[in-house]
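[1] Pasted the sequence and its predicted model underneath.
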Amino acid sequence: KRLVVLVSGSGTNLQALLDAAADPAFGAEIVAVGADRDNIVGLERAQKAGLPTFVCRVKDFDTRADWDRELTEATAAYAPDLVVSAGFMKILGKEFLARFGGCTVNTHPALLPSFPGAHGVRDALAYGAKVTGCTVHFVDDGVDTGPIIAQGVVEVLDEDDESALHERIKEVERRLLVEVVGRLARYGHRIEGRKVSIP
Ligand code: GRF
C-alpha cells in the first residue's frame, strides 16, 4: 500500500512510520511527505530517507480553497492508498476530503472527544485531567471528530508541564500509529457510521 504522510513539525511520528516501513511485512511504503511549511525537521527526515516532498503554504495562495486544491493535487500525484496526517497542523478542506476523506487518518495527542484542536495536551493539563492520551481516527469534515480507530492512555503526573506530558504521549502515539497504519495497510477497513472495523 502507498502512503503519503503530511507533517508540520519534528516528524517523529513520520520517523516511526519510516522505521516500520523498512520491514516489507509492514504492508505499506511511504511514497511522499507533504508539509504546510518549509524548514521543519519532518522534511529533513523525508529527504534523509530519499523521499519526494512537497510544501503547500497557505500564504502562497489567494484563498484557502486554492491551497486546499493544491494540497489535494500534490497528494494525488503520488496515488496514495492511505494518507496519514501526523502532526499536520492545518484543517483539511472540502476538496481534499472529497478525494481522500475515506482513507485519511489523523493522530491527536488527547483522548477524543476530549480536548480537540491545536492544544490538546495543554488543555488536558489545564483542565486537571488525571489521564489523557492519544487518538488515531479517520478524518471527517470536523476538527478531530472523525471515527476513532484506536486510543492509548497516558497518566498525567503532578509534576508534568506541557512538553513533558506531550513527550510521554508521543511515545504511546508513535507505537499506536504504526500499529494502526500497518493493520489498515495489510487488512483494509470498513466504516459503518462511527464504527471502524479492521478484519
Ligand atoms: C503529535 O503529538 C501530534 O499528535 C500533534 O503534534 C505532534 C507532532 O509530533 N498534532 P511529530 O511532528 O510527529 O514529532
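    Sure, I can see it.
[2] Next to the ligand in this structure, residues from the protein, please.
    7, 9-14, 42, 86-87, 107-109, 170, 173 (C-beta under 6 Å from any ligand atom). Every C-beta, even on glycine, is put in place using the N, C-alpha and C of the backbone.
[3] Got a ChimeraX select line for the buried ones in those?
    Buried subset of these, written as a ChimeraX selection, criterion 16 or more other C-beta atoms under 10 Å:
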select :7,9,11,12,13,14,42,86,87,107,108,109,170,173
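[4] In strands, which of the residues of the chain next to the ligand fall?
    Within the residues of the chain next to the ligand, residues falling in strands by DSSP state E are 7, 107-108.
[5] wait, which of those residues is closest to Arg122?
    Taking C-beta to C-beta as the measure, Arg122 sits nearest to His108 out of those, at 13.1 Å.
[6] And for stretch 122-132, what's in contact with it?
    The contact list for stretch 122-132 (C-beta atoms under 8 Å, 6 or more residues apart in numbering) reads 109-111, 114-115, 117, 120-121, 153-156, 160-162, 165, 169.
[7] can we see that at 6 Å?
    110-111, 115, 153-156, 162, 165 (C-beta atoms under 6 Å, 6 or more residues apart in numbering).
[8] In helices, which of those residues fall?
    Those of the contacts of stretch 122-132 mapping onto helices are 162, 165, per DSSP state H.
[9] Just flag the most distant two among the contacts of stretch 122-132.
    Once C-beta to C-beta is applied, the contacts of stretch 122-132 give Val153 and Glu162 as the farthest pair, at 18.0 Å.
[10] which of the two has more neighbours?
    A direct count of neighbours by other C-beta atoms under 10 Å for Val153 and Glu162 places Glu162 higher, at 14 against 11.
[11] That one reaches Ala110, doesn't it?
    No - shown here, Glu162 and Ala110 do not form a contact pair, counting by C-beta atoms under 6 Å, at 12.0 Å.
[12] Shouldn't Val84 be within a strand?
    Yes - under DSSP: H, G, I helix; E, B strand; the rest coil, Val84 falls within a strand.
[13] Let me know the helix or strand that the closest residue to it other than its chain neighbours is in.
    Among residues not flanking Val84 along the chain, Val5 sits closest, at 4.8 Å (C-beta to C-beta, 6 or more residues apart in numbering). Using DSSP states H and E, Val5 maps to strand 2-7.
[14] Neighbouring strands - and their directions - for that strand?
    Under the criterion DSSP bridges, strand 2-7 sits next to strand 29-35 (parallel), strand 82-85 (parallel) in its sheet.
[15] What lies in contact with it?
    Outside strand 2-7, the residues that reach it (C-beta under 6 Å, 6+ apart) are 14, 28, 30-35, 42, 75, 78, 80-88.
[16] Pull the distance from it to the chain's centre.
    9 Å (C-alpha atoms, centre = their mean, to the nearest Å).
[17] model confidence over it, on average?
    Averaged across strand 2-7, pLDDT comes to 98.
[18] got the buried residues for it?
    Across strand 2-7, burial judged by 16+ other C-beta under 10 Å covers 3-7.
[19] Now flag whichever of those is closest to the ligand.
    In terms of C-beta to the nearest ligand atom, no member of these lies closer to the ligand than Val7, at 5.7 Å.
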